[in-house]
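Undergrad: Sequence and predicted structure, then a few things I'm wondering about:
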Amino acid sequence: MFAIATGNVTFLSGGVLMHHRMEKFMDESPAKKPKKTSDQAFDLWLKRGLHQLFDDVANEPIPEELLKLIEEDRRD
Amino acid sequence: MTMSFHDQVIAILPKLRVQALALTRNRAAAEDLVQDAVCNALSAQDSFAPGTNFPAWMHRILRNRFISDLRKKRETTDIDDMPASFLSTNAAHEDRIVLKDLDAALARLPDDQREALVLGVLEGMSYQELADVAGCAVGTAKSRVFRARRQLEAWMIGEEHVGKDRLKAKASTLRQQSDRRLEEKTVPNRL
């Protein structure tokens, strides 16, 4: 789970993002040294950014033709 | 209850889309790639051993299809294909600019690094699963995610990564300078 602490980072484009600290970026062994706050902030920001870029693609309805293709194959 | 082969294909479609978009950087091309991968999977379903890792098998088919298409085409892909959420008026202007920067930075990454990062971060795949999908060693998968993340950080924050020693030396110099300034300020007060 995430442990949250705030901090600001300014990006090249001029956007200032409120950042949060998080314990995990991906699955990492607990024996590892904890990441620096700036790394954790970037990881969380990156995760959010990727979600914004990719989530709507993942959530779009499946095209009918593709479902039809799969169902036809199922019947065969 | 175990899912049938076809149910598993349907269930994994959203994740395949994410992988396809990560690889192609183009929505239309991603849709085509998913469809082609599904066709390949349906015709090769006899080669899938039930009970084994279906997601890894399916993601690998999509990846192989992408590579084989790439070999045929050998042309650059379109990165100016922003998701609709970018253009939504709900998103703050600054956020949209930063997201656009992130999208452009992602496009600059090598395909295998971008794919590993996106599947790792968004789909929560372990390094072992990433290695299974890419057909590489676990260390290679780990290195791809690490490099992608480090490169994005350098591009987005505008700081090239410096080695720990250089960083320590920099910090030490700054501390010394700050101490000297503090001394200069406090010495006249004592006199």
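TA: Looks like it came in fine.

Undergrad: So what's the residue count around residue 55?
TA: You didn't say which chain, so I picked chain A. By other Cβ atoms under 10 Å in any protein chain shown, 15 other residues sit near residue A:55. Glycine gets a C-beta too; all of them are placed from N, C-alpha and C.

Undergrad: meant chain B, my bad for not saying
TA: When neighbours are defined as other Cβ under 10 Å, residue B:55 has 18 of them.

Undergrad: again, but for the one 5 residues further on
TA: Residue B:60 is flanked by 17 other residues according to other Cβ under 10 Å.

Undergrad: for residue B:136, helix, strand, or coil?
TA: Taken by DSSP: H, G, I helix; E, B strand; the rest coil, the conformation at residue B:136 corresponds to coil.

Undergrad: What separation do you get for it and chain A?
TA: Going from residue B:136 to chain A by Cβ to the nearest Cβ, to the nearest Å gives 17 Å.

Undergrad: Next: residue B:57.
TA: Counting by Cβ to the nearest Cβ, the gap from residue B:57 to chain A is 16 Å.

Undergrad: Residue B:19 now?
TA: 10 Å.

Undergrad: Next: residue B:2.
TA: According to Cβ to the nearest Cβ, residue B:2 stands 15 Å off from chain A.

Undergrad: Let's verify that residue: helix, strand, or coil?
TA: Per three-state DSSP, residue B:2 ends up coil.

Undergrad: For it, which non-adjacent residue is closest in space?
TA: Nearest residue to residue B:2, sequence neighbours excluded (Cβ to Cβ, 6 or more residues apart in numbering or on different chains): residue B:50, at 7.7 Å.

Undergrad: Can you report how many residues lie near that neighbour?
TA: By other Cβ under 10 Å, the residues close to residue B:50 number 9.

Undergrad: what's the weakest-modelled helix or strand in chain B?
TA: helix B:84-87 (a mean of 49; mean pLDDT, DSSP states H and E).

Undergrad: C-terminal to that one, what's the next element?
TA: Counting by DSSP states H and E, the element after helix B:84-87 in chain order, helix or strand, is helix B:93-108.

Undergrad: Can you check the pLDDT for the nearest residue to residue B:45 once chain neighbours are set aside?
TA: Distances taken as Cβ to Cβ, 6+ apart put residue B:5 closest to residue B:45, at 5.4 Å, once the chain neighbours are dropped. Per-residue pLDDT puts residue B:5 at 95.

Undergrad: Over to residue A:69: give its phi and psi.
TA: When read as degrees, to the nearest 10, the backbone of residue A:69 gives phi -60, psi -50.

Undergrad: chain center to stretch B:55-62: distance?
TA: How far stretch B:55-62 lies from its chain's middle: 17 Å, per Cα atoms, centre = their mean, to the nearest Å.

Undergrad: picking that back up, in three-state terms, label the residue nearest to residue B:2 for me.
TA: Here residue B:50 is coil, with the state taken from three-state DSSP.

Undergrad: Could you check how far it is from residue B:12?
TA: Using Cβ to Cβ, to the nearest Å, residue B:50 is found at 15 Å from residue B:12.
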